[in-house]
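Chemist: Predicted structure and sequence below. I'll ask about it afterward.
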Amino acid sequence: MNWNRRLARAEKCGRFTDDDITLASKWLTCAVGEHRGEYDQGIGGTPNSDALIRIGMRFALAVRHQDSASAAGAYAAIERWFRRYGKPKEER
């Protein structure tokens with residue numbers, strides 16, 4: 001399940017699951033991590049972009065605090081960042 005679907009489910013149910021919270025707290029499984037191969041990353045998948053780090057942290061905190069509206073806003077900002085600065089996904 002991708003983060004777009006998780007956000008829709010959280011909006012409908014009124015909360016994120018414990019699994020969502022765990023996944024949102026790790027770079028490789030958060031909304032940024034869905035774009036692996038489209039950004040330069042450091043140890044543990046940490047983005048090499050300060051702006052992307054800030055947006056990703058905002059996303060993770062919103063999920064942790066059960067704020068689906070803020071999480072959706074951060075998710076939209078992550079998607080915009082990748083449309084503007086992302087590179088094509090690498091072959092896996």
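Modeler: Looks like it arrived, so ask away.
Chemist: my guess is Ala51 meets Ile78, correct?
Modeler: No. Counting by Cβ atoms under 8 Å, Ala51 does not reach Ile78; the two are 10.2 Å apart. Where you see a C-beta, it was placed from the backbone N, CA and C, and this is true even at glycine.
Chemist: When those two are compared, which one has more neighbours?
Modeler: Neighbour tally, Ala51 and Ile78, criterion other Cβ atoms under 10 Å: the higher count belongs to Ile78, 22 against 11.
Chemist: Looking at the more buried one now. What's its pLDDT?
Modeler: The model reports Ile78 with a pLDDT of 97.
Chemist: Next up, phi/psi of it, please.
Modeler: When read as degrees, to the nearest 10, the backbone of Ile78 gives phi -60, psi -50.
Chemist: Tell me which residue is most central in the protein.
Modeler: Ala31 (1.8 Å; Cα atoms, centre = their mean).
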